[in-house]
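A.B. asks: 3D, please:
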Amino acid sequence: MTPRAAVVVTGSELVRGGRRDANGPFLAAELTNRGLEPDRITIVGDEPDELETALREGLQGDLLVISGGLGPTHDDRTVELLARAAGLEATVDPELERDIEQISRRIAERFRRPYAEFEQGVRKQATVPEGGRVIGIAGTAPGLVVETDGAVAVVLPGPPPELRRLWQAALEDEAVQRVLARAEPPHRRILRVYGVSESAVARALAEVGGEPEGVQATICAHDGEIWVELFGEGEALAVAMRQALAPSVFAEDDRPVEELVLEEARAQGITVATAESCTGGLVAARLTSVAGASDVFRGGLVAYENDVKLSQLNVPEETLAAHGAVSAETAAAMAAGARESLGADVAVAVTGVAGPGGGTREKPVGLVYLHASGPEGERARELLLPGDREAVRRRATAAALHLVRELLARSRHNSV
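C.D. replies: Alright, predicted model coming up:
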């Protein structure tokens, strides 16, 4: 029988809306890809009774993965309550205490604080349920694997980068591997589509005959992209969907579009730059989030005010006077200016009205102009994006990256 898994994410800031949960979806995807689709993802605050109940319910399965509540303060209760829910004693691990003390002393010295301020927190963070194994330390928070009567619990810190690093260590633990060995990773195929709607993809699925027996298809929007995931023996369906949606299918893996852009530019020996107004550097941030981007990405200019567009991007004054900052003409001039100023082969420009104010009848909130310019030609796009300021900026950023991807794909095609 397939093992059962559950995820518990704790933190009062999550249930109060102060921070979005990134760990639950990550852990669910990790477990699903290994054949352990979670029964539930529970987000719970720091209230002891509620957290203990969630942990007790999670321990009814085979694998429980817990995120958060490992800090040194009074409301970090995960280890204490996990021990109580599992009926285990919790004691200070001397070796772990020494390790956390060394880290804490360095922190105290760096901030010129007395170590006494950290001492109580060190003992708290070094407390481990009976039989628990330390799989690593992130900051001062230890990751743990705890075997209970019938279940294995993985305890991970809340900050996503730290959680992801220690999750890799948890996967190497013998008890976790025993649970995973009883699961069968699903056959998974993915088609990523850009430039068509969810309804069009759903119609294509229906027209090719829908889901065959033993295959599950999910269709989900990701900032303008549509992801079609096929679980099961879905090769024939993948072929049919690929043909039905061509040429909108641009990838068959889950690497982010910025990574695809950089890979294509690298393959062609092309450098890239950005010129941004309403997105405020988000396109450049996405590109530079990929390790090794420096061999392709030249740089970016955030030209928010018109005088910066004039002085840094050489946008003609008559273009701004005749068409305004939010226009196809200004976007084209920004892209050309970025190529010249930054010495790049290809540049993409973004200008628009992100809101919530600043819109007019002629140029409403959500209106965005994109322009990509390169030695092999130009591509431009006008968008009217829905949503609040954050959504408009996020979607415009994704659209700009796809515009560069399309320009590079055309360049590759022309060179063949």
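
A.B. asks: and L82, that's in a helix?
C.D. replies: Yes. Counting by DSSP: H, G, I helix; E, B strand; the rest coil, L82 falls inside a helix.

A.B. asks: tally of neighbours for it?
C.D. replies: L82 has 28 neighbouring residues, counting by other Cβ atoms under 10 Å. (Glycine included, C-beta is placed from N, CA and C.)

A.B. asks: so what's it up against?
C.D. replies: Each residue near L82 by Cβ atoms under 8 Å, 6 or more residues apart in numbering is listed here: 55, 66, 129, 146, 153, 155.

A.B. asks: try it again with 10 Å
C.D. replies: L82 makes contact with 8, 51-52, 55-56, 58-59, 64, 66, 69, 88, 90, 129, 132, 144, 146, 148, 153, 155, according to Cβ atoms under 10 Å, 6 or more residues apart in numbering.

A.B. asks: the helices in the stretch 51-200 of the chain, which residues?
C.D. replies: Assigned by DSSP state H, counting those that start in this stretch, the helices in the stretch 51-200 of the chain fall at 78-86, 94-110, 116-125, 160-170, 174-181, 198-207.

A.B. asks: and these, which is most packed in?
C.D. replies: Mean neighbour count (mean count of other Cβ atoms under 10 Å) peaks for helix 78-86 among the helices of the stretch 51-200 of the chain, with a mean of 22.

A.B. asks: how distant is that one from the center of its chain?
C.D. replies: Relative to its parent chain, helix 78-86 has a centroid offset of 30 Å by Cα atoms, centre = their mean, to the nearest Å.

A.B. asks: quick check: angle from it to helix 116-125?
C.D. replies: Computed by axes from the mean of the first three to the mean of the last three Cα atoms, to 10 degrees, the angle separating helix 78-86 from helix 116-125 equals 30 degrees.

A.B. asks: what is the rounded mean pLDDT of helix 78-86?
C.D. replies: The average of the pLDDT scores along helix 78-86 is 98.

A.B. asks: just the endpoints, please. Distance across stretch 320-339?
C.D. replies: 19 Å (Cα to Cα, to the nearest Å).

A.B. asks: how far off centre is it?
C.D. replies: Offset of stretch 320-339 from its chain centre (Cα atoms, centre = their mean): 31 Å.

A.B. asks: buried ones in it?
C.D. replies: For stretch 320-339, a neighbour-count test (16 or more other Cβ atoms under 10 Å) marks 320, 325-327, 329-339 as buried.

A.B. asks: circling back: just send the helices of the stretch 51-200 of the chain back as TSV, with distance to D345 too.
C.D. replies: Putting the helices of the stretch 51-200 of the chain into TSV (distance: least, Cβ to Cβ, whole Å) gives the following:
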stretch	distance to D345
helix 78-86	50
helix 94-110	43
helix 116-125	51
helix 160-170	33
helix 174-181	45
helix 198-207	33
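
A.B. asks: quick one: closest of those helices to V257.
C.D. replies: For V257, the closest of the helices of the stretch 51-200 of the chain is helix 198-207, at 17.4 Å, according to Cβ to Cβ.
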